[in-house]
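Enquirer: Fold the following and give me the result.
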Amino acid sequence: GLSEVHSVPRFTFGFDELFTGINFIPAMIGLFGLSEVFRNTLTSKTDEETEKLKSALPVEKDKSWFKHLKPVFGGVLPQLWKRKFSWFRSSCIGSTIGMIPGAGADIAAWISYAVSKKCSKTPEEYGKGSLDAVGDATSANNSALAGAWIPALVLGIPGDSVTAIVIGVLLMKNITPGPGIFENPDQLVLVHGIYMTFIIANLLLIPLGFLAIRSGAQLVRIPRRILMPLILMFCVVGSYSINGSYFDVWVMLGMGILGFILEVFAIPLGPVVLGIILGGQLEQSFVQNLSKDDSILSFFNRPISAALGIFCIALWLVPLIMPLLRKKWRRLN
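Expert: A predicted model of the protein is given here:
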């Protein structure tokens, strides 16, 4: 797309559609949807796994309404209590990331996933249906949605794409988010209404969530030869319907091939997503800082920026140092 600072086109290859960069939605559909279609299609496995999963699904004989309470008290609550520390850690990560303007729930989920994998005793199960991975990522995702409203209401800066849409709706109703929203008595009523909406939405999420889980489990019963073409059709239709452009379909196809290649070499897709979301903002901030001072030490000239810089460097060095320390520890023992 265009340079964030100088508006110079880069890597557009003569396509006007690339002047605004890679469209996020077709890229995500390709990375996670189409790549999965490629992976399932190119494998030599048949529908035997589907038949095994079908037979593994419980056959319910209890038709009473009490059956809907069994998953809650028999499965979810014990699992939640067992993972209380992981749930608390992921929720804190999600709330913190959600407070950062422009970060959003997706970044919170990926960061929580990475932290969970580092802290897990069984990291090899991640990416293969690990309940810890799903639980930690979704905990951060849900808590980030609430945290994103802090910069949206207090500063008028959207925390993610959802709050950006809501801010647009509020402006259409002559409601201006910002510090004044808490001082204006007429708008203060709206704030309390948003709080009540959050409470009601979370309560409704419990029965609706179980209904979605039970309905989603039936997808396992669909043969792969039928399911994969349906997924491919939805990928193409979804990519085309965003802007009504066939170019987005080609972007989806290219990102799908890229996602499949990365999965073959066991390279995680999370950094690609973070790069698409935050790459432009990172470049803009980096160039702006260098335009003020061409020394790299300018990133450490204040206590807060120095602390953040040291923390980032530590995050880069820890994965390189930890394997060496583990080998040394094993030799000593």
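Enquirer: Any idea how far the helix or strand hosting Leu308 is from the middle of the chain?
Expert: Assigned by DSSP states H and E, Leu308 belongs to helix 303-332. For helix 303-332, the distance from its own C-alpha centre to the chain's C-alpha centre is 25 Å (CA atoms, centre = their mean, to the nearest Å).
Enquirer: Return the set of buried residues in that helix.
Expert: Residues of helix 303-332 classed as buried: Gly309 (neighbour count, 16 or more other CB atoms under 10 Å). In this view, the C-beta of every residue, glycine as well, is placed from N, C-alpha and C.
Enquirer: where exactly do the helices run in the stretch 201-333 of the chain?
Expert: 224-243, 246-264, 270-292, 303-332 (DSSP state H, counting those that start in this stretch).
Enquirer: Show me what the third one is in contact with.
Expert: The contact list for helix 270-292, computed with CB atoms under 8 Å, 6 or more residues apart in numbering, reads 1, 3-5, 21-22, 24, 27-28, 31, 102, 104, 106-107, 110, 113-114, 258-259, 262, 298-299.
Enquirer: rerun that using 6 Å as the cut-off
Expert: Glu4, Val5, Ala27, Trp110 (CB atoms under 6 Å, 6 or more residues apart in numbering).
Enquirer: now for the residues you listed, which pair is the farthest apart?
Expert: Of all pairs drawn from these, the greatest distance, 26.7 Å, lies between Val5 and Trp110 (CB to CB).
Enquirer: Give me the more crowded residue out of these two.
Expert: Using other CB atoms under 10 Å, the more surrounded residue of Val5 and Trp110 is Trp110, with 21 against 13.
Enquirer: who's in contact with that one?
Expert: Neighbours of Trp110 in contact, by CB under 6 Å, 6+ apart: Gly270.
Enquirer: Please, which helix or strand holds it?
Expert: Assigned by DSSP H and E, Trp110 belongs to helix 104-119.
Enquirer: Okay, angle between that helix and helix 270-292 too, please.
Expert: Following axes from the mean of the first three to the mean of the last three CA atoms, to 10 degrees, one obtains 110 degrees for the angle between helix 104-119 and helix 270-292.
Enquirer: For Thr176, give me phi and psi.
Expert: Backbone torsions of Thr176, given as degrees, to the nearest 10, read phi -100, psi 110.
Enquirer: now the residue nearest to it when sequence neighbours are not counted, what's its secondary structure?
Expert: Once flanking residues are discounted, Thr176 sits nearest to Gly156: 7.0 Å by CB to CB, 6 or more residues apart in numbering. Of the three states, Gly156 takes coil according to DSSP: H, G, I helix; E, B strand; the rest coil.
Enquirer: where in the stretch 101-250 of the chain is pLDDT low?
Expert: The stretch 101-250 of the chain contains residues with pLDDT under 70 at 102-103, 158-162, 164-165, 168, 172.
Enquirer: again, only this time at 50
Expert: The stretch 101-250 of the chain contains no residues with pLDDT under 50.
Enquirer: What mean pLDDT does stretch 30-49 get?
Expert: Averaged across stretch 30-49, the pLDDT comes to 75.
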